[in-house]
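*Asks:* Sequence and predicted structure are below.
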Amino acid sequence: MTGPFLHPFAKPAKPAFIRLVSGQGATVTTDQGKVLIDGMASLWYCAIGHGRREMAEAIAAQITALEAYSAFDPFTTAPADAVSERIAALSPIRDARVFLCGSGSEAIDSAMKLARVAHVQAGRPERTVIISRTRGYHGTNYGGTSAQGIAPNKAGYGTLLDDVIQVDADDIEAMSVAVEKNRGRLAAIISEPVQGAGGVFPSTTEYLQGLRRLCDDNGAYLIFDEVITAFGRLGEWFGATHYGVTPDMMTFAKAVTSGYQPLGGVVCATSVTAPLEADPDFILRHGYTYSGHATVCAAALKNIEILEDENLLPRSAAIGARLEAGLTALAADGTIAGVRGRGAVWAAALRPDQDAIKIRDRMLELGAITRAINDCNTFCPPLVITDAQLDSLLDIFATAAAGR
């Protein structure tokens, strides 16, 4: 019998789920007392690990002072101002401004709307076309669903947004052709530096540089979807810094608070904000009830402080090297088909006779968590994971992948 909770990305008819009750560092514990190594940082986000008392204290302190207040005109709060200033300072975008919202999906929709309205304010209302890539995952609001490059995630939802198209993920020539076909109408190109939920496909630096050139040559904005890659996953505060390519907008969420509170946002360059600021009477008629939520912002500030004080960003390289070595060895002996990844996010590509969900479920029996995506199992552990825990995670995966 199913319960009242209708789970996201799950079969509605599924009768039972694994109930988690606690977490500590890189592990979580079920209501049956089973301890699981968290090989996915929950859903790509828990960078600082579970159960951090200092996060609870920072959240509680803000709640007891002022839990939240609307940031609609004419109000603001100190945490919203402070976290925006902090994120802008960490960003590779000079003179950035930061729009705040509640999730990565909201961030993507916000970036798409900001791209279009900035063109309108700049006197270019015909620029409405947004191009994304196949395999791209851009959240599940209507804008992000329209930009999805994962076909099953778009099925069944009726008519999506006009003027949002996809091209082959790795073909810069196909992107160039699509740009040319929409010359004069192109608002933005949106891309993940590393495609995560599509199966962990890192971009090359050359590809992202190509996107930057296409946008520059055609008067369009370049948007990086950094919901997974920002705040340490590639060893830098933003994937744009890791790749050395600076976009006009970067969306973020997930690791900005390590999931302790829900926060998303868009870092915007002056190419976007200057047209919005040019008319002093223009009102940005976009935002959310919880944009700039004070307690959420306080959580982000503490999370960023922990990432910095514990020097966790460089840890991503060590985690990635260990995952890459272990998975490469399994590919070399034929246990899996191949390996993909960058920084501290990796995927084990499976053979045609292997089933990612069966491997995931066997790993749960053996005491570890991975994510099953199509023909691969993915790894994105908390940055606080120990080498011993990483080795156990890899050993458990090897056992499951071998069918034992």
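*Replies:* In hand now; what should we look at?
*Asks:* Over to Ala348. Which of the three states is it?
*Replies:* Here Ala348 is recorded as strand under DSSP: H, G, I helix; E, B strand; the rest coil.
*Asks:* wait, it sits on Thr328?
*Replies:* No - contact criterion Cβ atoms under 8 Å: Ala348 and Thr328 do not qualify, at 9.9 Å. No exception for glycine: its C-beta is placed from N, CA and C like everyone else's.
*Asks:* Identify the contacts common to the two.
*Replies:* Both Ala348 and Thr328 are contacted by Val339, under the criterion Cβ atoms under 8 Å, 6 or more residues apart in numbering.
*Asks:* of those two, who's got more company?
*Replies:* More neighbours surround Ala348 than the other of Ala348 and Thr328, with 31 against 14 (other Cβ atoms under 10 Å).
*Asks:* CA-only coordinates of stretch 292-311 in CSV, if you can.
*Replies:* In CSV, the C-alpha atoms belonging to stretch 292-311 read as follows (Å, rounded to 0.1, in the frame of the first residue of the first chain):
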residue,chain,number,x,y,z
GLY,A,292,16.4,36.3,0.1
HIS,A,293,14.9,34.2,3.0
ALA,A,294,16.9,35.4,6.0
THR,A,295,17.4,32.0,7.6
VAL,A,296,18.3,30.3,4.3
CYS,A,297,20.9,33.0,3.7
ALA,A,298,22.3,32.6,7.1
ALA,A,299,22.8,28.9,6.4
ALA,A,300,24.6,29.7,3.2
LEU,A,301,26.9,32.1,4.9
LYS,A,302,27.9,29.5,7.6
ASN,A,303,28.2,26.8,4.9
ILE,A,304,30.6,28.9,2.9
GLU,A,305,32.5,29.7,6.0
ILE,A,306,33.0,26.0,6.8
LEU,A,307,34.1,25.2,3.2
GLU,A,308,36.7,28.0,3.5
ASP,A,309,37.9,27.4,7.1
GLU,A,310,38.2,23.6,6.6
ASN,A,311,39.9,24.1,3.2
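*Asks:* i'd like the first residue to be 35 from this point on
*Replies:* Let's use 35 as the start, then, which means that last one is stretch 326-345.
*Asks:* looking only at pLDDT, what's the mean for it?
*Replies:* Mean per-residue pLDDT for stretch 326-345: 98.
*Asks:* same question, stretch 138-157
*Replies:* Here the average pLDDT along stretch 138-157 is 98.
*Asks:* List the buried residues of it.
*Replies:* With burial defined by 16 or more other Cβ atoms under 10 Å, the residues of stretch 138-157 counted as buried are 138-156.
*Asks:* Among those, which lie within strands?
*Replies:* Judged by DSSP state E, strands contain none of these.
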